[in-house]
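1. One predicted model, sequence on top.
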Amino acid sequence: MADDRPDELRPRRDPSGPPPLPDGDRVQPEYPPDIAPPSTRQKLLTALIVAIVIAAIVIGTLR
């Protein structure tokens, strides 16, 4: 079934968009990265670093 519509009515490809994917077995879908939630140890370390930074700022302003 051919597209018999005039050129003015055909949808135009966005020139800044990604190129069309080739057909075939080589096309692989993109999976999002597997990001694990932070562990308890990472949360505690982050809290310790934030507490040290806040303490340093408070000590610096009180001097």
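-> It's in.

2. Give me the distance between residue 35 and residue 28.
-> Relative to residue 28, residue 35 is positioned 20 Å away (criterion: CB to CB, to the nearest Å). All C-beta atoms are positioned from the backbone trio N, CA, C, and that covers glycine.

3. swap in residue 47?
-> Note on residue 47: its distance to residue 28, by CB to CB, is 40 Å.

4. More neighbours: which of the two?
-> residue 47 (10 against 7; other CB atoms under 10 Å).

5. Does that one lie in a helix or a strand, and which?
-> When secondary structure is defined using DSSP states H and E, the element that contains residue 47 is helix 40-62.

6. buried stuff in that helix?
-> Along helix 40-62, not one residue counts as buried under the neighbour rule (16 or more other CB atoms under 10 Å).

7. Please export the C-alpha coordinates of it as PDB.
-> What follows is the C-alpha trace of helix 40-62 in PDB, where atoms were taken according to Å, rounded to 0.1, in the frame of the first residue of the first chain:
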ATOM      1  CA  THR A  40      22.900   1.700  55.800                       C
ATOM      2  CA  ARG A  41      26.600   2.200  55.900                       C
ATOM      3  CA  GLN A  42      26.500   4.700  53.100                       C
ATOM      4  CA  LYS A  43      23.700   6.600  54.800                       C
ATOM      5  CA  LEU A  44      25.600   6.800  58.100                       C
ATOM      6  CA  LEU A  45      28.800   7.900  56.400                       C
ATOM      7  CA  THR A  46      26.900  10.600  54.600                       C
ATOM      8  CA  ALA A  47      25.300  11.800  57.800                       C
ATOM      9  CA  LEU A  48      28.700  11.900  59.500                       C
ATOM     10  CA  ILE A  49      30.300  14.000  56.700                       C
ATOM     11  CA  VAL A  50      27.400  16.400  56.800                       C
ATOM     12  CA  ALA A  51      27.600  16.700  60.600                       C
ATOM     13  CA  ILE A  52      31.400  17.400  60.400                       C
ATOM     14  CA  VAL A  53      30.800  20.100  57.700                       C
ATOM     15  CA  ILE A  54      28.100  21.800  59.700                       C
ATOM     16  CA  ALA A  55      30.200  21.700  62.900                       C
ATOM     17  CA  ALA A  56      33.100  23.200  61.000                       C
ATOM     18  CA  ILE A  57      30.900  26.000  59.700                       C
ATOM     19  CA  VAL A  58      29.500  26.700  63.200                       C
ATOM     20  CA  ILE A  59      33.000  26.800  64.700                       C
ATOM     21  CA  GLY A  60      34.200  29.000  62.000                       C
ATOM     22  CA  THR A  61      31.400  31.500  62.400                       C
ATOM     23  CA  LEU A  62      31.800  31.600  66.300                       C
END
